[in-house]
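Peer 1: Kindly return the folded structure for what I paste below:
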Amino acid sequence: MGLNDLKDLKTLSSLRSQIDGISVDRIIIRDFPTLEYNDKVKNAMICMKESGLQEIPLVDNGRYLGMISYDTILKNTEVNMNTGVGSIVKNIPPISKDTEITKIAEDLLVNNCRQLAVIENDTLIGLVSRNGIVRVASNISLLKEIRTWEMMSTPVYYLKPESTMRDAIEIMRRANVKTIPIMNDKEIPLGAIGMREVIDCIERYDPYILDDFVMMDGADIRLDSVRTENAYTAEWDSDLGSTSKMMTELNTSMLPIMDEGFVVGVLSKYDIVELVSSCRVRDALFVQYSGLEGIGNSTVDRLYNDVSLLMGDVYKYCKPESFTIRISKDIVNDIQRFCLSGRVFAECGTFQSTVYGDDLVQTNRDLIETIRVHAADLEKETDHSKKTGRKTRSVRRGSAGSNRAKTRSRFSI
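Peer 2: Numbering: from 1, shown residues only. Below you'll find the predicted structure:
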């Protein structure tokens, strides 16, 4: 059984009930740091390192004002270590204890964040995180029937042991990822570099602004001296429940996925949150882009408009329920190109594609066209199986191939 089978067997409502039957009380974080308006960015980064949280709530006498985000600090070149956090607060709407788990997953995607504030009587009482959603997923019996390859993502961004901290910050900014595997020349995982390691290094050299650090000698430190020592991986055909449980127990946000000794994709907590969000009841197609920072409003409007216009062709074959697109920038032959990775959850199946191009708007259109082709192909297979009486095996469609992802997309520095 796989993702398509969940739809075919009409068990989606049962899956949704299992997920939303879990209360926020089961996953709420009660012990967490907070910041006040006049606290400095340096204090925020220390809180993030010590707590492992990538968003820290800003409060005024217990009243929630918003979140201070690691992503904002990383990408804002004008922020310095003495900047007051009140000037960079991110307006992330809070939730209540009555919010359904599938809605929480959707809110995490919409706000491109890892933590949400829980409010009761206008007072901040806790946080919920991606980790909590993944923990929920790991205990859902139906999700244990899904294979890891059905939800893993491509391309794989990685760094080498001789890469530097400067390289890590560059790829985090450009590729819209926060944890990056470290692999040797044979593409064998050796560990990872993430938020905690970056903050540790910045603290050691105490730069005025992050871009100052990128220009300092400290940014030349090799990653083999600061990476995590644990090279955790999962097999491509393992079940999603076990892999989700592994991520929560190991407290890792990303696992390289292996097939016959090769890394064929990565599974992140973001991927699990996408799956949980797809179970939500919606009257219209849910569309969410991430990685839009630095892209003009007119271009963003064109991206969404093209989805509205072109996804109509997908409806000819099946009803799409959610469409999430991650935008990153890659350097190919010294030329910057856009990389768009899209995933569609639909009644007829699940599709994932990765498309590259120099023009963002056209690349977006190309991505939607690949989704249309996948939907049409699956409809043909479904019709054939009905005529022959043979059941079509559930496969993930996309750049990684069918059920075995032999085409490996790699980007490294």
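
Peer 1: can you pull the contacts of the residue nearest the centre of the chain?
Peer 2: Central residue of the chain (Cα atoms, centre = their mean): residue 270, 3.1 Å from the mean position. Applying Cβ atoms under 8 Å, 6 or more residues apart in numbering, one finds that residue 270 lies in contact with 130, 153. Glycine gets a C-beta too; all of them are placed from N, C-alpha and C.

Peer 1: if I look at it, how far off is residue 148?
Peer 2: As judged by Cβ to Cβ, to the nearest Å, residue 270 and residue 148 stand 14 Å apart.

Peer 1: So for the host helix or strand of the residue nearest to the centre of the chain, mean pLDDT?
Peer 2: Using DSSP states H and E, residue 270 sits in helix 269-278. Averaged across helix 269-278, pLDDT comes to 91.

Peer 1: Off-centre distance for stretch 269-280?
Peer 2: Offset of stretch 269-280 from its chain centre (Cα atoms, centre = their mean, to the nearest Å): 9 Å.

Peer 1: actually stretch 160-180, sorry about that
Peer 2: 16 Å.

Peer 1: what do you get for stretch 150-168?
Peer 2: 14 Å.

Peer 1: Give the buried residues for it.
Peer 2: 150-160, 163-168 (16 or more other Cβ atoms under 10 Å).

Peer 1: Next step: those residues restricted to strands.
Peer 2: 156, 157, 158 (DSSP state E).

Peer 1: ok so, going back, the helix holding residue 270: what's the following helix or strand?
Peer 2: strand 286-290.

Peer 1: So what angle separates the directions of that next one and helix 269-278?
Peer 2: In terms of direction (axes from the mean of the first three to the mean of the last three Cα atoms, to 10 degrees), strand 286-290 departs from helix 269-278 by 160 degrees.

Peer 1: helices and strands around the helix ranked longest in the chain, which ones?
Peer 2: For the chain, the helix that runs over the most residues, judged by DSSP state H, is helix 360-388. Here helix 360-388 touches helix 297-310, strand 320-332, strand 335-346, strand 350-357, going by 3 or more Cβ pairs under 8 Å, 6 or more residues apart in numbering; DSSP states H and E.

Peer 1: quick one, helices of the protein?
Peer 2: Under DSSP H, the chain gives helices at 3-8, 12-20, 41-51, 70-75, 101-110, 130-138, 165-175, 195-205, 210-215, 240-250, 269-278, 297-310, 360-388.

Peer 1: Show me what counts as buried in the longest one.
Peer 2: Neighbour counts over helix 360-388 (16+ other Cβ under 10 Å) mark 360, 363-365, 367-368, 370-372, 374-375, 378, 381-382 as buried.

Peer 1: And the fifth one, by the same measure?
Peer 2: Within helix 101-110, the residues that qualify as buried are 101, 102, 103, 104, 105, 106, 107, 108, 109, counting by 16+ other Cβ under 10 Å.

Peer 1: Equivalent analysis for the third one, please.
Peer 2: Going by neighbour count (16+ other Cβ under 10 Å), the buried part of helix 41-51 is 41, 42, 43, 44, 45, 47, 48, 49.

Peer 1: for the second one, same thing?
Peer 2: When neighbours are counted by 16+ other Cβ under 10 Å, the buried residues of helix 12-20 are found to be 12, 15, 16, 18, 19, 20.

Peer 1: between that helix and strand 320-332, what angle do the directions make?
Peer 2: Using the same axes, to 10 degrees: helix 12-20 against strand 320-332 is 70 degrees.

Peer 1: Return the list of helices and strands in contact with helix 12-20.
Peer 2: helix 101-110.

Peer 1: what does the helix it packs on contact?
Peer 2: 16, 19-20, 22, 24, 27, 93, 95, 99, 114, 116, 128, 130, 133, 136, 273-274, 276-277, 279-280, 286, 288, 290, 324.

Peer 1: Derive a PyMOL selection command for the buried subset of the residues you listed.
Peer 2: Of these, the buried ones can be selected in PyMOL as follows, counting by 16+ other Cβ under 10 Å:
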select buried, resi 16+19+20+22+24+27+95+99+114+116+128+130+133+136+273+274+276+277+279+280+286+288+290+324
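
Peer 1: So for stretch 126-141, first residue to last residue, what's the gap.
Peer 2: Stretch 126-141 has its terminal residues 28 Å apart, counting by Cα to Cα, to the nearest Å.

Peer 1: mean confidence for that stretch?
Peer 2: For stretch 126-141, the mean confidence score works out to 92.

Peer 1: If you count neighbours, what's buried in that stretch?
Peer 2: 126-140.

Peer 1: how much distance is there from the longest helix of the chain to the middle of the chain?
Peer 2: For helix 360-388, the distance to the chain centre is 24 Å (Cα atoms, centre = their mean).

Peer 1: hang on, residue 242 packs against residue 144?
Peer 2: Yes: at 7.2 Å, residue 242 counts as touching residue 144 under the criterion of Cβ atoms under 8 Å.

Peer 1: okay, the two: which has more neighbours?
Peer 2: Shown here are residue 242 and residue 144; by other Cβ atoms under 10 Å, residue 144 has more neighbours (17 against 13).

Peer 1: The more buried one: what's it in contact with?
Peer 2: 239, 240, 241, 242.

Peer 1: The same query, at a cut-off of 6 Å, please.
Peer 2: Applying Cβ atoms under 6 Å, 6 or more residues apart in numbering, we find residue 144 in contact with 239, 241.

Peer 1: what separates residue 223 from residue 129, distance-wise?
Peer 2: 26 Å.

Peer 1: repeat for residue 116
Peer 2: Residue 116 is 8 Å from residue 129, by Cβ to Cβ.
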